[in-house]
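Enquirer: I'd like to go over a predicted model; first the sequence, then the structure.
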Amino acid sequence: MNRASHKPLLLAAVFAVAAGIFPPREAGAQGPVPFREYESFEGADAAAPIPPDWNIPQEFVVGRLMYPGGRFGRGGSDWTQGRTSWTDDYPKGDRTFVTMLRRFTRTQVRGVEQPINPDDGGDLYYYPFMVVGLAQAWQLTDAQAAKIREYLLRGGFLFCDSFFGERNWNTFEESLKRIFPDRPIIDMSDDHPIFHVVFDLPQMTKVQIPNANSIGYGGGFMRGTPRWRGVEDEHGRLVMLIAYNNDVMDGWQWADDPRYPGDKANLALRLGINVAMYSMTH
């Protein structure tokens, strides 16, 4: 069995979304959940207008994993209703990223992201690429972890981002081990294809994409040594990129703010494009 053996399952689902044909993945599944938007715990800082073409089906949709865990302000307590940790940099960061995917690739990308609740039947199988914001905070149930494991082994991909420090790593790893109890977490090398598939990003593993709070947005924390890590499937395909001691999605969210370093915002967006395209071609 070759490395890409599972990919057609999820690629077919993506093109099915564009065509309006939704093959069910589980008993009772009736196709993907319609677009929905939630309030971010960051409030106006992460708000973004819904583009006029939001409801036009396209080949590729940026998924955002919803998950239990994390409690923040603005009344957030029910993770299924937003305003908790999974809404980090959302939706502004996601929509900036969509704009860049449209500008620098030929992929037909939907104008809005899709928040994906892993408890919604087989909905996640329609989206081969998902971002995980503030990944330190996820507290997956065993059932959610099992479903995400199946999703990854079928050809899906997770981009886990926005967390710093050993304590947060340990919390993140606890849920990761529920997904893959027997898979090693590897340190990425600069020559890995994910850093070169569209943009050539040499020395990427030595670069840190900063959290906005660490560069003058009201705080001086969240630094640490950048670590780029990942998990592979049994065929050697990378199924998860982990940006530890990094905040790539802050680079997306604050890309148009002069206080955020322009070179780091550009790098964050180029990396995101690489990760999304890797997920579709490997």
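Expert: Yep, that arrived.

Enquirer: ok, the most centrally placed residue in the chain - contacts?
Expert: Nearest to the geometric centre of the chain sits residue 131, at 0.8 Å (Cα atoms, centre = their mean). Neighbouring residues of residue 131 by Cβ atoms under 8 Å, 6 or more residues apart in numbering: 62, 63, 64, 65, 94, 158, 159, 161, 249. From N, CA and C alone the C-beta is placed, and that goes for glycine too.

Enquirer: so it is in which element?
Expert: strand 129-132 (DSSP states H and E).

Enquirer: next one: residue 36
Expert: Using DSSP H and E, no helix or strand contains residue 36.

Enquirer: Check what pLDDT residue 178 gets.
Expert: Model confidence at residue 178, given as pLDDT, is 97.

Enquirer: In contact with it, which residues?
Expert: Counting by Cβ under 8 Å, 6+ apart, residue 178 touches 140, 142, 145.

Enquirer: Neighbour count and secondary structure added to the residues you listed, as TSV?
Expert: Shown next, in TSV, are these (neighbours: other Cβ atoms under 10 Å; DSSP: H, G, I helix; E, B strand; the rest coil):
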residue	neighbour count	secondary structure
140	20	coil
142	8	helix
145	19	helix
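
Enquirer: May I see those organised as a markdown table, with pLDDT and distance to residue 33 added?
Expert: Output for these, formatted as a markdown table (pLDDT from 0 to 100; distance: Cβ to Cβ, whole Å):
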| residue | pLDDT | distance to residue 33 |
| --- | --- | --- |
| 140 | 96 | 19 |
| 142 | 96 | 23 |
| 145 | 98 | 20 |
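
Enquirer: Break down the protein into its strands, ranges please.
Expert: Along the chain, counting by DSSP state E, strands occupy 63-65, 114-116, 129-132, 157-163, 186-187, 227-232, 238-244.

Enquirer: who wins for proximity to residue 171 among those strands?
Expert: Distance to residue 171, taken as Cβ to Cβ, is lowest for strand 157-163 among these, at 8.5 Å.

Enquirer: Run the chain-centre distance for that closest one.
Expert: Strand 157-163 sits 5 Å away from the centroid of its parent chain (Cα atoms, centre = their mean, to the nearest Å).

Enquirer: same check, this time on stretch 45-56
Expert: 18 Å.

Enquirer: if we look at it, which residues are touching it?
Expert: The contact list for stretch 45-56, computed with Cβ under 8 Å, 6+ apart, reads 35, 37, 40, 87-96, 110-112, 253.
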